[in-house]
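Asker: What follows is a predicted structure for the sequence shown.
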Amino acid sequence: MIDKLDQFFNEYITKESLFLDKKALQSTFTPEEIFHRDEQINQIAKILAPCLKIENPSNLFAYGKTGTGKTVSIRMITNKMREIAEQKNIPLKFIYVNCKLKKIADTEYRLIAQLAREFGTEIPYTGLPTEEVYKILFNIVDKNKQLVVLILDEIDQLVQKTGDEVLYNLTRINSELKNAQVSIIGISNNLFFRDSLDPRVKSSLSEEEVLFPPYNALQIQDILRQRAKLAFKSDVLQPGVIEKCAAYAAREHGDARRALELLRVAGEIAERDADDLIELKHIDTAEEKTERDKVLDLVKSQPKQQQATLYSIITIAAKNNREAIFTGEIYDGYKELCLKLGLRPLTQRRVSDIIAEFDMLGIINAKVISKGRYGRTREISLAISDSIRTNLNKILEEGLTVS
DNA sequence: CGAGATTCATGTGAAGTATACCTTTAGGCTTAA
DNA sequence: AAGCCTAAAGGTATACTTCACATGAATCTCGTA
């Protein structure tokens, strides 16, 4: 037994890694060259170019599904511009904020506060009037004569939750500034988001629009090959691996991010298994693992009440394997659970909202239906596979029992 | 038999409340002249 | 008298509750053929 362990560790240490540079497959990585987005990149570059002459560029609105290269493209361009600006001493600043991040930038106050923090001020998490935070932001931006470009990723999430007032205020910011100038790049995953905006916001935010269409399988292959060359040592990929990753990702609206993740995790699995080659079978394992990790991480980070609600959904769905279950049953189960755990139960009103949140997160499918004489409710079903559900169950039980 | 009324179970919006945290301010204490 | 600290007062954002009304199709009702 001990020998075996010894052997394993020794092997593990002496074994050469399959990776050269794992970073190249991570979603934060910005490659030198981005394939199949030439048109979009040119458009954006043209729109942002005036920055380098210290002229205020048009506001820009980029939209397209997840993993279509919106964020990387913009990051790549802004990196370049930042370099140039540095060389030529141009006072240009890019601020990137992801509006989806819970507790960071998912309300008006928090977004503005986060923007101000990016400039190096301390802003408390609560307590200040939002108006005050705007003022702080204005002042710090206006302190220097400079050009500031705010990049708001996934603004659709924010606007859906809190309305478009924030955007209105931000688009008007320029008229109050004396020295600096601000322009906004909005990024949205939702293609129809634009239409839900107040016309005033719409016209000023989307002065320019750039659409990112999904990649097809061949394009994803190109991207994967480029990154794989950086990330892996040569000849560790079994032929067909890239094609298979691409095919999996293309199946889901051409999500390149997902393809890259798949490839990276497949590599990690191969390495863990002490294989010299990344094989096709590793991709299947990787697909399940990525899916599972995504769900589990998400659930682990949820507050207790949310976990309890989800647990109730899972147990009830498992108990009666009907097609769908309803809000009332879930709430009853949830209340019972709270009793057992000594948790103060939330009202049904709130639980209803929590269920809607889980729907948004894609863990469950919920649809409001009317059952005629038998009232109106949400028809809810789990949106996760059985194998994950078992894991999830365990995680939830753990999470709920520790106090 | 069919049009319209009724009904149920919960969705959903608005307003109110509790909590945690912020700034301001007024008082009290110390200190130095 | 000036300076510094502290605690109370007055204010805010957020998560949640309370209240009240909205929904929409299955079912019921009742007039009519």
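Answerer: Yep, it's here.

Asker: count of residues packed around the residue in chain A that DNA strand C sits nearest to?
Answerer: Per C-beta to the nearest atom of the strand, A:Gly372 is where chain A lies closest to DNA strand C, at 1.6 Å. Where C-beta positions appear, they are placed from N, C-alpha and C, glycine not excepted. A:Gly372 has 7 neighbours, counted by other C-beta atoms under 10 Å.

Asker: What's the first helix or strand after the helix or strand that A:Ala62 is a member of?
Answerer: Per DSSP states H and E: A:Ala62 is located in strand A:60-63. Using DSSP H and E, the helix or strand that directly follows strand A:60-63 along the chain is helix A:70-87.

Asker: contacts for the helix or strand following that next one?
Answerer: Following helix A:70-87 in sequence order, the next helix or strand is strand A:92-98 (DSSP H and E). With C-beta atoms under 8 Å, 6 or more residues apart in numbering as the test, strand A:92-98 has contacts from A:51-52, A:54, A:75, A:78, A:81-82, A:85, A:104-105, A:111, A:114-115, A:118-119, A:146-154.

Asker: And for stretch A:62-76?
Answerer: A:30-32, A:34, A:36-37, A:40-41, A:44, A:96, A:151, A:153, A:185-191, A:193-194, A:209-215, A:249, A:253-259.

Asker: among these, which are in helices?
Answerer: Secondary structure from DSSP state H places A:40-41, A:44, A:249, A:256-259 of those in helices.

Asker: which one of those residues sits closest to A:Lys294?
Answerer: Nearest to A:Lys294 among the ones in helices among the contacts of stretch A:62-76, counting by C-beta to C-beta, is A:Arg258 at 9.9 Å.

Asker: Near that closest one, how many other residues are there?
Answerer: Neighbours around A:Arg258, by other C-beta under 10 Å: 24.

Asker: List the residues that contact it.
Answerer: So A:Arg258 contacts A:66-67, A:248-249, A:252, A:290 (C-beta under 8 Å, 6+ apart).

Asker: Recalculate using a threshold of 7 Å.
Answerer: A:67, A:249, A:252 (C-beta atoms under 7 Å, 6 or more residues apart in numbering).

Asker: Would you mind listing what in chain A touches DNA strand C?
Answerer: A:103, A:107-110, A:126-131, A:303, A:305, A:344-347, A:349-350, A:370-376 (C-beta under 7 Å from any atom of the strand).

Asker: Could you tell me the phi and psi values at the residue most central in space within chain A?
Answerer: By C-alpha atoms, centre = their mean, chain A has its centre lying nearest to A:Lys100, at 6.8 Å. Note on A:Lys100: its backbone torsions stand at phi -80, psi -20 [degrees, to the nearest 10].

Asker: Touching, it and A:Gln157? I think so.
Answerer: Yes - using C-beta atoms under 7 Å, A:Lys100 makes contact with A:Gln157 at a distance of 4.6 Å.

Asker: what's the burial count for A:Leu400?
Answerer: 17.

Asker: For chain A, which segments are assigned as strands?
Answerer: For chain A, the strands defined by DSSP state E occupy A:60-63, A:92-98, A:147-153, A:181-188, A:208-211, A:325-326, A:364-370, A:376-382.

Asker: Could I get those strands in JSON lines, plus columns for distance to A:Thr401?
Answerer: Below are the strands of chain A laid out as JSON lines (distance: least, C-beta to C-beta, whole Å):
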{"stretch": "strand A:60-63", "distance to A:Thr401": "43"}
{"stretch": "strand A:92-98", "distance to A:Thr401": "33"}
{"stretch": "strand A:147-153", "distance to A:Thr401": "36"}
{"stretch": "strand A:181-188", "distance to A:Thr401": "40"}
{"stretch": "strand A:208-211", "distance to A:Thr401": "48"}
{"stretch": "strand A:325-326", "distance to A:Thr401": "24"}
{"stretch": "strand A:364-370", "distance to A:Thr401": "23"}
{"stretch": "strand A:376-382", "distance to A:Thr401": "22"}
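
Asker: Can you pull out the low-pLDDT segments for the stretch 201-350 of chain A?
Answerer: Applying pLDDT under 70 to the stretch 201-350 of chain A flags the ranges A:322.

Asker: Can you show me the helices along it?
Answerer: Taking DSSP state H, counting those that start in this stretch, the helices of the stretch 201-350 of chain A run over residues A:217-231, A:241-251, A:256-272, A:280-300, A:304-319, A:327-341, A:348-361.

Asker: Quickly compare these and say which is most buried.
Answerer: helix A:256-272 (a mean of 23; mean count of other C-beta atoms under 10 Å).

Asker: near DNA strand B, which of the residues of chain A next to DNA strand C show up?
Answerer: Within the residues of chain A next to DNA strand C, those near DNA strand B by C-beta under 7 Å from any atom of the strand are A:126-128, A:349, A:372-376.

Asker: Mind telling me the two of these farthest from one another?
Answerer: A:Leu128 and A:Arg373 (51.0 Å).

Asker: Those two: which is more packed in?
Answerer: Counted by other C-beta under 10 Å, A:Leu128 and A:Arg373 do not tie: A:Leu128 has more neighbours, with 15 against 5.

Asker: hang on, the earlier thing: quick check, nearest of the ones in helices among the contacts of stretch A:62-76 to A:Phe232?
Answerer: A:Ala259 (14.6 Å).
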